[in-house]
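Enquirer: I would like the atomic coordinates for the input below:
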Amino acid sequence: MINPKIEQALNKQLNEEFFSSYLYLSMSANFEKLNLAGFANWMKVQSQEEYSHAMKFYNYLIQKGGTAVLEQINKPDTKWENTLAMFEATYAHEQHITECINNLVDLALEVKDHATNSFLAWYVNEQVEEEANVTKLIEELKMVGENKTGLFMMDRELAQRVFVDATATAK
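Expert: I've put the predicted structure just below:
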């Protein structure tokens with residue numbers, strides 16, 4: 001049986017992950033409006049990843065005999081100053097998610113829930129990758145600056161990203 005504190009905290013994170021998916025889909029729509037299909041694709045894939053992260057929490061809660069509780073998802077932002085601002089907002093959001101995951105690990109250790117601590121290790125590692133990927137894009141956007149050719153080249157590169165469900169093979 002799942003510890004009630006853990007169940008409540010995992011449900012909170014489940015909903016954080018669904019919000020992340022929603023936020024990145026909103027960013028994708030914004031990029032579509034700007035005719036930056038590659039950037040839109042990158043964000044759409046990011047949205048799919050976050051959805052799969054949420055479903056991993058969902059499945060774990062069920063597997064542990066808990067209940068997955070779906071809360072209302074807040075409306076995400078829909079406007080950003082520019083492409084760089086959108087990725088800076090993405091980075092800030094990923095830092096928030098990292099903090100949430102770290103707090104979950106702390107709680108799992110506090111209540112001596114070793115199974116949940118082991119489950120969360122995948123997310124700890126995933127957040128390192130998430131932050132690094134966004135940091136790389138921010139640095140590239142800073143190098144490109146206002147150069148439309150550079151932005152066009154980045155857009156073409158980001159169009160190549162495809163969704164691979166890393167949670168399907170994750171333990």
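
Enquirer: Just give the nearest non-adjacent residue to K142, would you?
Expert: In space, K142 comes closest to L84 once its chain neighbours are excluded; the distance is 6.9 Å by C-beta to C-beta, 6 or more residues apart in numbering. C-betas here are computed from N, CA, C, even on glycine.

Enquirer: Report pLDDT for the one you found.
Expert: pLDDT, L84: 97.

Enquirer: same thing with the one 5 residues further on?
Expert: At A89 the predicted local confidence, pLDDT, stands at 98.

Enquirer: doesn't D77 make contact with it?
Expert: Yes. Between A89 and D77 there is a contact at 7.1 Å, judged by C-beta atoms under 8 Å.

Enquirer: More neighbours: those two, which one.
Expert: Neighbour comparison, A89 and D77: the larger count goes to A89, with 17 against 12 (by other C-beta atoms under 10 Å).

Enquirer: show me the residues around that one that make contact.
Expert: Contact analysis of A89 by C-beta atoms under 8 Å, 6 or more residues apart in numbering lists M27, D77, W80.

Enquirer: And L151, how far from L141?
Expert: Distance of L151 to L141, given as C-beta to C-beta, to the nearest Å: 8 Å.

Enquirer: show me what contacts T135?
Expert: Contacts of T135 (C-beta under 8 Å, 6+ apart): Y91.

Enquirer: what about 10 Å?
Expert: Each residue near T135 by C-beta atoms under 10 Å, 6 or more residues apart in numbering is listed here: F87, Y91, E94.

Enquirer: E131 against E94, yeah?
Expert: Yes. The pair E131 and E94 passes the contact test of C-beta atoms under 10 Å, sitting 5.1 Å apart.
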